[in-house]
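Visitor: Starting from these lines, generate the structure:
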Amino acid sequence: MTDAELAAKLAADAGALLLDLRNNSDLTGKELGNLGDCKANEMLVAALRKLRPDDGLLSEESKDTDARLDKDRVWIIDPVDGTREYGEGREDWAVHVALAIDGKASVGAVSLPALGLTLRSDLPIALPTRKDKPRMVVSRSRPAKEAVAIAAILDADLIPMGSAGAKAMAIVRGEADIYLHSGGQYEWDNCAPAAVAQAHDLHCSRIDASPLRYNQKDTYLPDLLICHKQDASRILELVKTL
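Guide: Below you'll find the predicted structure:
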């Protein structure tokens, strides 16, 4: 099984586990989210330790160590991206499984279990035609001020959405055109989405135009821009003016 096939299988399997748990549990909200995080993490970590024992591993739900820093290949996972949305019974949550090679988001899969979809870096789909009026995905609860300001300049429609993976995949799926985030994230929030988005020939970078780098000692990776390549330069220039 290739790395990409493994990423897709694990993301889909974890998604199925999470759906089954949600459909058959009396728990809701934060309690359900915490349980889902725990169960999905246990499954993903066990599988990666067994199938890729020589690779490094970084998970939101596992204690981090410096052991991964000496590895060229590091799996970066988020067992439930959008725990709040998962616990609320919504659709806009995801499972992220990515492989960073030499600090780059090289392989990835983002499962959207409630939609029955797993988007992957090795099997890109055709990008839908971009709409004339841009659409920008933003956080449901705390839209980044930069995103709101850029949306106003571009006369873009704002689309509130849950998880980072769901937002990034909205670009891939043609439901939105721009994902500009500056409110704080970690490597597990965007490694798999970036790998999938890049495989679909979308622009992915920090909002200062620098590259996204992974397997860093400090896992904080606070901002990113995912959009169509023809829009990237203008958006990045506008960010400089804010």
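
Visitor: okay, now residue 186: neighbour count?
Guide: 17 (other Cβ atoms under 10 Å). Backbone N, C-alpha and C define where each C-beta goes, glycine included.

Visitor: Identify the bridge partners of it.
Guide: Taking DSSP bridges, one obtains residue 220 as the residues bridged to residue 186.

Visitor: gap between the residue lying farthest from the centre of the chain and residue 32?
Guide: When distances to the mean C-alpha position of the chain are computed (Cα atoms, centre = their mean), the maximum falls on residue 26, with 28.0 Å. As judged by Cβ to Cβ, to the nearest Å, residue 26 and residue 32 stand 9 Å apart.

Visitor: what's the answer for residue 233, then?
Guide: 43 Å.

Visitor: Who has more neighbours out of the two?
Guide: residue 32 (21 against 11).

Visitor: and the residue nearest to the more buried one when sequence neighbours are not counted, what does it touch?
Guide: Distances taken as Cβ to Cβ, 6 or more residues apart in numbering put residue 87 closest to residue 32, at 4.5 Å, once the chain neighbours are dropped. Applying Cβ atoms under 8 Å, 6 or more residues apart in numbering to residue 87 gives the contacts 28, 29, 30, 31, 32, 33, 36.

Visitor: If you go by neighbour count, which of these are buried?
Guide: 32, 33, 36 (16 or more other Cβ atoms under 10 Å).

Visitor: Quick check, residue 217 in contact with residue 69.
Guide: Yes: using Cβ atoms under 8 Å, residue 217 and residue 69 qualify as a contacting pair, with a distance of 6.1 Å.

Visitor: Show me the helices in the chain, by range?
Guide: 3-23, 29-51, 83-87, 145-154, 164-172, 187-199, 229-241 (DSSP state H).

Visitor: can you redo these as a markdown table with distance to residue 117 and mean pLDDT?
Guide: Listed next are the helices of the chain as a markdown table, based on distance: least, Cβ to Cβ, whole Å; pLDDT from 0 to 100:
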| stretch | distance to residue 117 | mean pLDDT |
| --- | --- | --- |
| helix 3-23 | 9 | 98 |
| helix 29-51 | 17 | 97 |
| helix 83-87 | 15 | 97 |
| helix 145-154 | 24 | 93 |
| helix 164-172 | 8 | 97 |
| helix 187-199 | 11 | 98 |
| helix 229-241 | 23 | 95 |
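
Visitor: just to revisit the earlier point, now the residue nearest to residue 32: how far from residue 19?
Guide: Taken as Cβ to Cβ, the span from residue 87 to residue 19 is 13 Å.

Visitor: what about dumping the CA coordinates of stretch 230-242 to PDB?
Guide: Output of stretch 230-242 as PDB, limited to C-alpha atoms (Å, rounded to 0.1, in the frame of the first residue of the first chain):
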ATOM      1  CA  GLN A 230      -4.800  33.300 -10.400                       C
ATOM      2  CA  ASP A 231      -6.100  35.100  -7.300                       C
ATOM      3  CA  ALA A 232      -3.100  34.500  -5.000                       C
ATOM      4  CA  SER A 233      -1.000  37.500  -5.900                       C
ATOM      5  CA  ARG A 234      -3.800  40.000  -5.500                       C
ATOM      6  CA  ILE A 235      -4.900  38.600  -2.100                       C
ATOM      7  CA  LEU A 236      -1.300  38.500  -0.800                       C
ATOM      8  CA  GLU A 237      -0.800  42.100  -1.800                       C
ATOM      9  CA  LEU A 238      -4.000  43.200  -0.200                       C
ATOM     10  CA  VAL A 239      -3.000  41.500   3.100                       C
ATOM     11  CA  LYS A 240       0.100  43.600   3.200                       C
ATOM     12  CA  THR A 241      -2.000  46.700   3.200                       C
ATOM     13  CA  LEU A 242      -4.000  45.800   6.300                       C
END
